[in-house]
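Asks: need a structure here:
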Amino acid sequence: MYLRERYFREIGMWPTVDLRDGYFTILCPQTDEEAHPLLRQEIFRLQSANKFEYFFKGEETFNGVVNTGPSKNWLEIAWCEAAGTAAILYNGEGIPSRVQWFDGTTPDEAIDQWCEEFVVPWTETYGSNEPSTQ
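Replies: Okay, the predicted model is just below:
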């Protein structure tokens, strides 16, 4: 996933690997024990910690034409339906992790907001059926 520069600039840390294009897979439930310690720490300090559900969303790499397999990067989400809020952690090999909060009526809506904020939009460059105007 290509992340906007401000994702890293805001925390003063930069990736130690080259980022690749990719997309998120389906949202899967996970237990709080399976969640990343940084995400658990953020949630456990809240009085409403027991109201959060945990989810995982893997990432597939994509070379512009075909999927090239699972990425080592993923999103983890702690979602509180009562509050309509989610703590989102993007994690992966060589990428600094950080937890950020987003509102939404569903976990996917909060993830969409996270993506709008930090993910460089993918633009199609292959397979265009538009006739050339040159």
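
Asks: Do you have the strands of the protein handy? List them.
Replies: Along the chain, counting by DSSP state E, strands occupy 22-30, 53-62, 67-80, 85-92, 95-103.

Asks: Give the buried residues for the second one.
Replies: Okay, so that is strand 53-62. With burial defined by 16 or more other CB atoms under 10 Å, the residues of strand 53-62 counted as buried are Tyr54, Phe55, Phe56, Lys57, Gly58, Glu59, Thr61, Phe62. The way it works is simple: take the backbone N, C-alpha and C, and place the C-beta from them, glycine included.

Asks: same thing with the fourth one?
Replies: By neighbour count, with 16+ other CB under 10 Å as the criterion, the buried positions of strand 85-92 are Thr85, Ala86, Ala87, Ile88, Leu89, Tyr90, Asn91, Gly92.

Asks: is it possible to export the residues you listed to a markdown table including distance to Glu117 and pLDDT?
Replies: Listed next are these as a markdown table, based on distance: CB to CB, whole Å; pLDDT from 0 to 100:
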| residue | distance to Glu117 | pLDDT |
| --- | --- | --- |
| Thr85 | 15 | 94 |
| Ala86 | 13 | 96 |
| Ala87 | 14 | 96 |
| Ile88 | 10 | 96 |
| Leu89 | 14 | 95 |
| Tyr90 | 11 | 90 |
| Asn91 | 17 | 87 |
| Gly92 | 17 | 82 |
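
Asks: ok, of those, which one's closest to Asp32?
Replies: Ala87 (11.9 Å; CB to CB).

Asks: Quickly list what that closest one is bridged to.
Replies: Assessed by DSSP bridges, Ala87 has beta-bridge partners Ala78, Trp101.

Asks: how close does it sit to Gly69?
Replies: Using CB to CB, to the nearest Å, Ala87 is found at 28 Å from Gly69.

Asks: picking that back up, let's have the buried residues of strand 85-92 in a markdown table, adding distance to Phe24.
Replies: Formatted as a markdown table, the buried residues of strand 85-92 follow (distance: CB to CB, whole Å):
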| residue | distance to Phe24 |
| --- | --- |
| Thr85 | 20 |
| Ala86 | 14 |
| Ala87 | 17 |
| Ile88 | 11 |
| Leu89 | 13 |
| Tyr90 | 10 |
| Asn91 | 13 |
| Gly92 | 12 |
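
Asks: Right, I'll call it a day here.
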